[in-house]
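[1] Give me a model of this one.
(one chain, ligands or ions: 1)
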Amino acid sequence: MTATFCEYKPGLENIPATKSSISHVNGQEGILEYRGIRIEELASKSSFLETAYLLIWDSLPSAIQLKEFETDILYHRRIKYRIRDMMKCFPETGHPMDALQTSAAALGLFYSRRALDDPEYIRKAVVRILAKIPTMVAAFHQMRRGNDAIQPNDDLDYATNFLYMLTERKPHPIAARIFDVCLMLHAEHTINASTFSAMVTASTLTDPYAVIASAVGTLAGPLHGGANEEVLLMLEEIGSKDNVLPYIENRIANKQKIMGFGHRVYKVKDPRAAILQQLAEQLFEETGHDPYYDIALELEKVVEGKLGAKGIYANVDFYSGLVYRKLGIPADLFTPIFAIARVAGWLAHWKEQLAVNRIFRPTQVYTGDHNKPYVSIKERT
Ligand code: CMC
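    Numbering: from 1, shown residues only. As a prediction, this is how the structure comes out:
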């Protein structure tokens with residue numbers, strides 16, 4: 001066997017892939033910081049666009065900088081009619097994450113100049129991507145229902161405008177604020193699978209649209225961003241509080257994962273899950289109770305009792321689906337919404353990667369044969 005200079009760890013668990021100053025997770029104490037600021041503080045005081053600015057440019061913007069950034073994004077929200085025409089050809093039964101990945105990649109066809117050492121090019125790409133991704137998610141949702149895409153409304157802020165494009169109605173200000181906080185909570189989370197994917201793609205010095213498209217494809221899987229959709233399907237399947245215990249016992253006995261629980265880094269309850277739970281409660285107080293919340297509370301209690309000793313607690317995806325459901329958002333848009341938020345983190349890592357770039361080229365532990373003879377096709381059994 002070939003000698004290797006370091007131990008192979010499946011899933012690269014605990015192997016540093018980069019040096020980064022963007023975010024930090026303390027998994028034992030349940031702490032998440034963006035650029036050193038605790039997530040709880042940002043969730044109560046900041047906005048998604050201000051948080052995106054913080055992540056990407058490493059400092060909170062001044063009032064003028066924030067206004068300029070918001071205005072720039074507002075001006076770039078529209079998408080080319082050719083992209084809309086392309087999206088009209090997508091099958092309406094296709095998953096919105098697949099539609100988003102394709103549309104994000106298509107941006108590269110329209111903005112093909114690549115000048116990665118030009119700060120103005122970087123700024124423009126950041127603005128375009130943050131501005132257009134929500135428009136593309138909402139446009140596909142309208143088109144698959146046979147409607148024309150709803151144009152962005154210049155009088156509405158980022159979160160309000162997205163909910164408006166999705167539903168054709170202006171949301172209640174509390175609903176829009178809660179949605180904006182959800183975007184902040186999902187904006188960044190160190191070197192998870194999709195961020196790593198973005199960094200690997202960025203390290204080849206390709207264009208930023210390819211970086212975002214590869215990250216969207218990675219986020220789509222059920223072990224990553226796709227879990228929030230699965231949580232809601234699970235609550236539907238359970239149907240009532242009384243069914244929770246047998247459902248969980250059956251899944252554990254069959255070695256099946258419980259969606260919305262467990263995390264590679266957190267060994268206590270994910271701090272984002274705690275904030276989302278509070279937001280869900282606030283929303284239910286304003287707009288009426290959701291019986292699925294009772295099932296979710298019982299589920300969390302049972303899972304903690306059975307798996308808490310192994311460090312398995314609710315993660316960010318457990319309560320986000322309940323919030324989105326109450327906002328009237330269909331389950332298959334939960335992961336695209338995760339992508340709208342995580343674009344901020346992916347862009348911050350893209351910029352950080354470019355500043356110290358070396359192409360990713362890990363090694364492998366070869367487990368195959370050597371010097372095997374080529375057997376002609378007639379002699380093969
Ligand atoms: N339900 C039941 N058992 C679990 C769960 C779960 N959700 N998560 C982990 N375990 C068990 C697992 O069976 C294993 O047990 P044993 O050692 O006895 O074989 C042990 O815990 C370690 O599991 P693992 O899969 O090796 O842990 P990991 O660090 O590779 O996986 C995870 C982390 C998030 C992929 C996993 O917890 C999981 O699949 N959870 C369900 C899907 C989910 O909610 N994903 C969203 C993650 S947070 C947002 C995001 O990253 O997008």
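[2] Next, the contact list for residue 374, please.
    With contacts defined as C-beta atoms under 8 Å, 6 or more residues apart in numbering, residue 374 has no neighbours. Yep, even glycine has a C-beta here, placed from its N, CA and C like the rest.
[3] ditto for residue 232
    Per C-beta under 8 Å, 6+ apart, neighbours of residue 232: 292, 321, 322, 325, 331, 334.
[4] Now the second one. Nearest residue, chain neighbours left out?
    Nearest-residue entry for residue 321: residue 232, 4.1 Å, with adjacent residues in sequence omitted and distances by C-beta to C-beta, 6 or more residues apart in numbering.
[5] next one: the last one
    Counting by C-beta to C-beta, 6+ apart, residue 334 lies nearest to residue 228, which is 4.3 Å off, once chain neighbours are set aside.
[6] swap in the third one?
    Counting by C-beta to C-beta, 6+ apart, residue 322 lies nearest to residue 280, which is 5.0 Å off, once chain neighbours are set aside.
[7] ditto for the first one
    Closest residue to residue 292 in three dimensions, ignoring its sequence neighbours and counting by C-beta to C-beta, 6+ apart: residue 235, at 4.8 Å.
[8] State the pLDDT value of the one you found.
    In this model, residue 235 is scored at 95, pLDDT.
[9] And residue 6, by the same measure?
    Residue 6 carries a pLDDT value of 78.
[10] Tell me how many other residues crowd it.
    Look at residue 6: counted by other C-beta atoms under 10 Å, it has 7 neighbours.
[11] and the gap between it and the ligand?
    As defined by C-beta to the nearest ligand atom, to the nearest Å, residue 6 lies at a distance of 20 Å from the ligand.
[12] cool, and residue 138?
    22 Å.
[13] Ok, residue 337 next?
    13 Å.
[14] Contact residues of the protein facing the ligand?
    Counting by C-beta under 6 Å from any ligand atom, the residues of the chain close to the ligand are 11, 192, 223-225, 227, 257-264, 307, 310, 312, 315-317.
[15] hmm, back to that, what residues are up against the residue nearest to residue 334?
    Counted by C-beta under 8 Å, 6+ apart, residue 228 has contacts 260, 316, 317, 320, 321, 324, 334, 335, 338.
[16] now swap in residue 233 and tell me
    Residues in contact with residue 233, defined by C-beta under 8 Å, 6+ apart, are residue 331.
[17] how close does it sit to residue 219?
    In this view, residue 233 and residue 219 are 18 Å apart by C-beta to C-beta, to the nearest Å.
[18] mind checking the SS state of the residue nearest to residue 321?
    Per DSSP: H, G, I helix; E, B strand; the rest coil, the local secondary structure of residue 232 is helix.
[19] how close does residue 326 get to the ligand?
    Residue 326 is 20 Å from the ligand, by C-beta to the nearest ligand atom.
[20] and that residue, how many neighbours?
    Counted by other C-beta under 10 Å, the residues lying close to residue 326 total 21.
[21] I'd like the distance between it and residue 287.
    Going from residue 326 to residue 287 by C-beta to C-beta gives 6 Å.
[22] The residue nearest to residue 292 looks like it's in a helix, true?
    Yes - applying three-state DSSP, one finds residue 235 inside a helix.
[23] That one against residue 295, yeah?
    Yes - Residue 235 is in contact with residue 295 according to C-beta atoms under 8 Å; the separation is 5.3 Å.
[24] Contacts only, for the residue lying closest to residue 148 once chain neighbours are set aside.
    Excluding the flanking residues, the one nearest residue 148 by C-beta to C-beta, 6+ apart is residue 142, at 6.7 Å. When contacts are counted by C-beta under 8 Å, 6+ apart, residue 142 touches 148, 149, 150, 165, 166.
[25] Could you double-check that the last one sits in contact with residue 138?
    Meaning residue 166. Yes - assessed by C-beta under 8 Å, residue 166 is found in contact with residue 138 at 4.8 Å.
[26] Which one of those two is surrounded by more residues?
    Between residue 166 and residue 138, residue 138 has the larger neighbour count (other C-beta under 10 Å), namely 25 against 22.
[27] where's the closest residue to residue 103 other than its chain neighbours, which helix or strand?
    Nearest residue to residue 103 in three dimensions, chain neighbours excluded: residue 136, at 4.4 Å (C-beta to C-beta, 6+ apart). Element membership for residue 136 (DSSP states H and E) is helix 119-144.
[28] What residue in the stretch 1-150 of the chain comes nearest to the ligand?
    Closest approach between the stretch 1-150 of the chain and the ligand, counting by C-beta to the nearest ligand atom: residue 11, at 5.5 Å.
[29] Contact partners for that residue?
    In this structure, residue 11 makes contact with residue 264, judged by C-beta under 8 Å, 6+ apart.
[30] so how far is residue 141 from it?
    Counting by C-beta to C-beta - residue 11 and residue 141 are separated by 33 Å.
[31] ok, residue 114 - contacts?
    Applying C-beta under 8 Å, 6+ apart, we find residue 114 in contact with 121, 206, 207.
[32] Please indicate which of those are buried?
    Buried subset of the contacts of residue 114 (neighbour count, 16 or more other C-beta atoms under 10 Å): 121, 207.
[33] quick check, nearest of the contacts of residue 114 to residue 89?
    For the contacts of residue 114, the residue nearest residue 89 by C-beta to C-beta is residue 207; the value is 23.1 Å.
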